[in-house]
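In: Provided below are the primary sequence and the corresponding predicted coordinates.
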Protein chains: 2
Amino acid sequence: MADEAAVRAQAEAVRRLKQDKADPDEIAKEVAKLLEMKAQLGGDEGKHKFVLKTPKGTRDYSPKQMAIRERVFNAIITSFKRHGAEVIDTPVFELKETLTGKYGEDSKLIYDLKDQGGELLSLRYDLTVPFARYLAMNKITNIKRYHIAKVYRRDNPAMTRGRYREFYQCDFDIAGQFDPMIPDAECLKIVHEILSDLQLGDFLIKVNDRRILDGMFAVCGVPDSKFRTICSSVDKLDKMPWEDVKNEMVGEKGLSPEAADHIGEYVQLHGGLDLIERLLQDPKLSQNKLAKEGLGDMKLLFEYLTLFGITGKISFDLSLARGLDYYTGVIFEAVLLQQEDNHVEESVSVGSVAGGGRYDGLVGMFDPKGRKVPCVGVSIGIERIFSILEQRVEASEEKIRTTETQVLVASAQKKLLEERLKLIAELWDAGIKAEVLYKKNPKLLNQLQYCEETGIPLVAIVGEQELKDGVVKLRDVATREEVNVGRESLVEEIRMRTSRP
Amino acid sequence: MADEAAVRAQAEAVRRLKQDKADPDEIAKEVAKLLEMKAQLGGDEGKHKFVLKTPKGTRDYSPKQMAIRERVFNAIITSFKRHGAEVIDTPVFELKETLTGKYGEDSKLIYDLKDQGGELLSLRYDLTVPFARYLAMNKITNIKRYHIAKVYRRDNPAMTRGRYREFYQCDFDIAGQFDPMIPDAECLKIVHEILSDLQLGDFLIKVNDRRILDGMFAVCGVPDSKFRTICSSVDKLDKMPWEDVKNEMVGEKGLSPEAADHIGEYVQLHGGLDLIERLLQDPKLSQNKLAKEGLGDMKLLFEYLTLFGITGKISFDLSLARGLDYYTGVIFEAVLLQQEDNHVEESVSVGSVAGGGRYDGLVGMFDPKGRKVPCVGVSIGIERIFSILEQRVEASEEKIRTTETQVLVASAQKKLLEERLKLIAELWDAGIKAEVLYKKNPKLLNQLQYCEETGIPLVAIVGEQELKDGVVKLRDVATREEVNVGRESLVEEIRMRTSRP
């Protein structure tokens, strides 16, 4: 605006010069100044220029990135289907009140839509709350489903570490009243399968139980009213040393140093069945009803995990707390133990790639009569996994195909566009994935180069001689071998050559 | 509100009764009435209850609906890949200014996000504008890509006819400077393929060209400034009779009756190559540069479509206008000719199921230097197609499986949960899709019933005798035949029996 005012002042000066019948040279100089200023302002065209970017914390996926993303999705969906899951979808936004009161402090990160008249809406923050709303709304008491979709959080993005404001969640949940720990064990089996299939390197799945945590807080002398806030301090143990966490508990949150020290002893414990057995004998914990229940179920869980043969990568870890309010039983979180990229400084902060737990109360919050539907589920953090695989592909210089085209229909001579189009229509109609260059007379070299660049394995070449003989010259791009194939057997030949071994 | 007033009136009556020291029985009666009315209102608990619904114009997809949706997606993606398309993805929201000035009057239907500090954002209205933004931002001048994602329009929903506020678009576009009409012809071939593959019944693809329309307006005596608004009147011809459209042109938009009648003669024309040839000889149209260019390209397009063998379902139709501002050349729209459901009254308004066209100027609107990237593309309207297929499935009572589970691991006797879990882990690890009931001691009948309900074809039964013999009893759910299979060959046997023929 200041610049515009300057331009106007300058124009005014020119006008005055004119009225005063000033020296034409003087006028010309002033006009030149004026034009220069206008140019600096960018002119009319410049004013309406777009900022060419995606919104903060979001990104486009290029074809190459999509190819990697599809690989990850396939591994995940394959595992979900292997376990008999159905699939559902829900809208990207929910009534604002559906999300209210479900995420505690994190609610401030919810994206609201503008009130344009009508309902107040918010973008979904996770897939769990919409799932619970779906169950209550449709009175479903029994389902095993997966849901893969984008969720939205107005968080501080850290995109190089795979933290975005728009990101995918891949959720698998089992809802229903069942015998204890069987569905919970299956969720852990699924995490184990997916992380193994994706070959992300060594990983560890930490397991705990909200009831054990609450029991532990009780026997350590934490007042009931401080359970939640002390739990959130414990949740920071993967990022902060114990001393800092203790200071937070005592200094900020007013816990007695004795209680904090007591907690400190427990939260350093991690192990397997042996630790569970030991804690079941623990004179204090064993007296607490909640803790005892949780430990009993933890023992059962480990027995099932032993049958599944996966205890080697599972650790019962008393320091695992997890943030979300709605968990009521088992909680778990999978972390990668090795960093795949070469940034040594990052290798400390290996993030979690999957997490989940039991939430037996959430559906009841939506049911008019408060009827509960016990649920347990897991969410795979695809963005972090995707970042790792993308970096690995970059490093390996592996060439990733972004199309599945089997054959390029080409010609060596001019004026054969019609013949190319006729042939490619035959191939398309037979289900062959085929391309043709959109040029009337492309050079053979350019056509071959296109195959090299995009990884198309075969070229079907039509020329006048081939047309006369009723054949097509089929060229193998890698070996450069060429054979004439009868037109009637071309489809079969292409299929045979491009079927996966 | 009326009810609340009634309750208050009733309470007032009770109070008056009390003050008058009325008969206690009378009071009790009034109190009972009051309580009943209060119960009908739902009481305090009711007031804070959630409204259990999805936002207006949106819906959840149940597992069964997802199974149908996946079929449609597969047909569409298969065709896109057959034509060598890559795939991209963009965020669900864009900077508000990215969408500004692209949709004409429809801009009022854009969903804005609330200003929570930071950038002003809007949900995408289609996939074309984000695609153009993506091309300009990444300086891509040459790509063939598809994009399947949800778009958002604050439109009046008509959900039974497949019109939603959140709906999928399946877009295929070819960007780049190529010889004329070759990519345009491929887009039409793709629409033809997809509609044929989906077996939706007879269809027609109407084709026109913005240049022919503009040329037609010019020779009919429409002033330049009225081209756009007269074009939008023509766009209504599929819903309104010519007389009404004419009245709008003359009455509302101030066109001369002669010009309108002139247009009226042209817009009733539709046909194929013969019509194109006739119009190329038309003494007026042939004198208009734009129309001549458009007709020349239309002729070329029909020659290519003849080579593709699809002219039988394509009609050059001078009444086709299409709403969006950004089209610059060929435009097209596919309509179903028969209604699939039995509602006769609906069979008139068979909606369009695909549409598209050439937009050579849109990318240039985003490029800082205005560099153009010619584009042509097609968008498949999945929701309408999905509605038709869903109704068809309902009518046929076809049983749709919502899982792919190959085998249920079961037992006839009690106390075999551990054995079931051991066996199912073996199957999962071998890649078999398997389920187990989450019960310690489920009844065999319940297990078999679960298979019947969910379409699981096989049951692997473990019992004490089978364990002793090192076998598993494999039961075919349909035939009820049972055979003992050696445990080491179980995986192979299941694979063989459940591989698709």
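Out: It's in.

In: got a pLDDT number for A:L237?
Out: pLDDT recorded at A:L237 is 89.

In: Oops, could you answer that again for A:K29 instead?
Out: 59.

In: Over to A:I388?
Out: The model reports A:I388 with a pLDDT of 88.

In: then stretch A:425-440 to CSV, C-alphas only?
Out: Taking Å, rounded to 0.1, in the frame of the first residue of the first chain, the C-alpha atoms of stretch A:425-440 are listed here in CSV:
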residue,chain,number,x,y,z
ALA,A,425,-6.9,-50.7,-30.0
GLU,A,426,-6.6,-54.4,-30.7
LEU,A,427,-4.2,-54.7,-27.8
TRP,A,428,-6.3,-52.6,-25.4
ASP,A,429,-9.4,-54.6,-26.3
ALA,A,430,-7.5,-57.8,-25.4
GLY,A,431,-6.5,-56.3,-22.0
ILE,A,432,-2.9,-55.6,-22.9
LYS,A,433,-1.4,-52.5,-21.3
ALA,A,434,-0.1,-50.5,-24.2
GLU,A,435,1.0,-47.0,-25.1
VAL,A,436,1.6,-45.1,-28.3
LEU,A,437,3.4,-41.8,-28.7
TYR,A,438,1.0,-39.0,-29.5
LYS,A,439,2.9,-37.9,-32.6
LYS,A,440,2.0,-38.4,-36.2
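
In: which residues are in contact with that stretch?
Out: A:403-410, A:414-415, A:417, A:420-421, A:424, A:446-447, A:450, A:456, A:460, A:490-491, A:494-495, B:81-84, B:174, B:176, B:178-179, B:182-183, B:186, B:189, B:193, B:307-309 (CB atoms under 8 Å, 6 or more residues apart in numbering or on different chains). Where C-beta positions appear, they are placed from N, C-alpha and C, glycine not excepted.

In: From those, list just the buried residues.
Out: A:403, A:405-410, A:417, A:420-421, A:424, A:447, A:450, A:456, A:460, A:490-491, A:494, B:81-84, B:174, B:176, B:178, B:182-183, B:186, B:189, B:193, B:307-308 (16 or more other CB atoms under 10 Å in any protein chain shown).

In: quick check: domain ranges of chain A?
Out: Per the TED database, the structural domains of chain A span A:1-41, A:63-395, A:407-499.

In: for those, which one ends up most surrounded?
Out: Across those, the average number of neighbours (mean count of other CB atoms under 10 Å in any protein chain shown) peaks for domain A:63-395, which reaches a mean of 19.

In: What's the end-to-end length of that domain?
Out: End-to-end distance for domain A:63-395: 18 Å, by CA to CA, to the nearest Å.

In: hang on, the earlier thing: hey, least reliable of the domains of chain A by pLDDT?
Out: Looking at the domains of chain A, the weakest mean confidence is domain A:1-41, a mean of 53.

In: Residue numbers of the stretch 251-400 of chain A in contact with chain B?
Out: By CB under 8 Å from any CB of the partner chain, the residues of the stretch 251-400 of chain A that approach chain B are A:303-304, A:307-309, A:365-366, A:368.

In: and those, which of them are in helices?
Out: Among those, DSSP state H puts A:303-304, A:307-308, A:365-366 in helices.

In: Strands of the stretch 1-150 of chain A, start to end?
Out: Taking DSSP state E, counting those that start in this stretch, the strands of the stretch 1-150 of chain A run over residues A:86-87, A:93-95, A:121-123, A:143-152.

In: Run through who's touching the shortest one.
Out: Spelled out, that is strand A:86-87. With CB under 8 Å, 6+ apart as the test, strand A:86-87 has contacts from A:80, A:143-148, B:63, B:66, B:70, B:402-403.

In: secondary structure class for the nearest residue to A:D469 once chain neighbours are set aside?
Out: The shortest distance from A:D469 to any non-neighbouring residue, by CB to CB, 6 or more residues apart in numbering or on different chains, is to A:N484 (7.1 Å). State at A:N484, reduced to three classes by DSSP: H, G, I helix; E, B strand; the rest coil: strand.

In: what residues are up against A:N484?
Out: A:466, A:469, A:471-474.

In: Just the ones of those residues in helices?
Out: Short answer: the contacts of A:N484 in helices (DSSP H) are A:466, A:469.

In: Save the contacts of A:N484 as JSON lines, and put in distance to B:E277 too.
Out: As requested, the contacts of A:N484 are exported to JSON lines (distance: CB to CB, whole Å):
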{"residue": "A:E466", "distance to B:E277": "33"}
{"residue": "A:D469", "distance to B:E277": "35"}
{"residue": "A:V471", "distance to B:E277": "36"}
{"residue": "A:V472", "distance to B:E277": "33"}
{"residue": "A:K473", "distance to B:E277": "36"}
{"residue": "A:L474", "distance to B:E277": "39"}
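
In: Show me which of the contacts of A:N484 is closest to chain B.
Out: Using CB to the nearest CB, A:V472 comes nearest to chain B of the contacts of A:N484, at 16.1 Å.

In: Identify the bridge partners of the closest one.
Out: Taking DSSP bridges as the rule, A:V472 bridges to A:V485.

In: OK, contacts around it?
Out: A:423, A:460-462, A:466, A:484-485, A:487, A:490.

In: State the pair within the residues you listed that is farthest apart.
Out: A:L423 and A:N484 (14.1 Å; CB to CB).

In: As a check, name the ranges of all helices in the stretch 351-500 of chain A.
Out: A:362-366, A:382-396, A:417-429, A:444-454, A:464-469, A:490-498 (DSSP state H, counting those that start in this stretch).

In: and of those, who's closest to A:S225?
Out: Closest to A:S225 of those is helix A:362-366 (CB to CB; 21.4 Å).

In: Please compute how far that closest one lies from its chain's middle.
Out: 26 Å (CA atoms, centre = their mean, to the nearest Å).

In: Show me what it packs onto, helices and strands only.
Out: Judged by 3 or more CB pairs under 8 Å, 6 or more residues apart in numbering or on different chains; DSSP states H and E, the packing partners of helix A:362-366 are helix A:128-137.

In: Give me the contact list for the helix it packs on.
Out: Residues contacting helix A:128-137 (CB under 8 Å, 6+ apart): A:88, A:90-91, A:94, A:98-99, A:102-103, A:124, A:140-141, A:143, A:145, A:147, A:171, A:173, A:175, A:326, A:359, A:362-367, A:373, A:375, A:377, A:379, B:50, B:52-54, B:60.

In: same thing but 6 Å
Out: With CB atoms under 6 Å, 6 or more residues apart in numbering or on different chains as the contact definition, helix A:128-137 has outside contacts at A:90, A:98, A:102, A:124, A:175, A:362-363, A:366-367, A:373, B:52, B:60.

In: of all the residues you listed, which comes closest to A:D238?
Out: When those are compared against A:D238 (criterion: CB to CB), the nearest one is A:K102, at 23.7 Å.

In: tell me the contacts of that closest one?
Out: A:V129.
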